[in-house]
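> next comes the sequence, and after it the predicted model I'd like to discuss.
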Amino acid sequence: MIQDIFPSKLNIEYQHKAITENDIVFFFDGSSILCNNDANLRFPLYGEIENSRHDYVYLFAIDGIHFFLAKNEKGCFSSGNRNRSE
């Protein structure tokens, strides 16, 4: 479970924080989430995202690493709103 991460520290208090290059971003498409596909599972950093037209909502921090959720250009959370008729 996420709360069983000792000695790391989970901070779920809301912070009005602007996103920075080293913050982690979650992008969802339905029940799928964007991550790399190499030996170590890793989510994208904001600084790695090119030409993003998203807004970001602060979620939580683990050991001072901040996590955000991407919202699409329509203001909806990125959760499968992509046109699949391509």
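Sure thing, it's come through. Numbers count the residues shown, from 1 in each chain.
> separation between residue 21 and residue 13?
23 Å (Cβ to Cβ, to the nearest Å). To be clear about C-beta, it is placed using only N, CA and C from the backbone, and glycine gets the same treatment.
> higher neighbour count, these two?
Using other Cβ atoms under 10 Å as the criterion, residue 21 and residue 13 rank with residue 21 on top: 9 against 6.
> please name the nearest non-neighbouring residue to the more buried one.
residue 47 (3.2 Å; Cβ to Cβ, 6 or more residues apart in numbering).
> where does this structure dip in pLDDT?
Scanning the chain with the threshold set as pLDDT under 70 gives 1-3, 73-86.
> please enumerate the strands of it.
10-11, 24-26, 28-29, 32-33, 55-62, 65-71 (DSSP state E).
> okay if I get those as TSV plus distance to residue 40 and mean neighbour count?
Shown next, in TSV, are those (distance: least, Cβ to Cβ, whole Å; neighbours: other Cβ atoms under 10 Å):
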stretch	distance to residue 40	mean neighbour count
strand 10-11	21	13
strand 24-26	14	19
strand 28-29	21	14
strand 32-33	16	10
strand 55-62	16	16
strand 65-71	15	18
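> distance to residue 39 added to the ones you listed, as a markdown table?
What follows is those, written out as a markdown table (distance: least, Cβ to Cβ, whole Å):
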| stretch | distance to residue 39 |
| --- | --- |
| strand 10-11 | 25 |
| strand 24-26 | 18 |
| strand 28-29 | 23 |
| strand 32-33 | 18 |
| strand 55-62 | 21 |
| strand 65-71 | 20 |
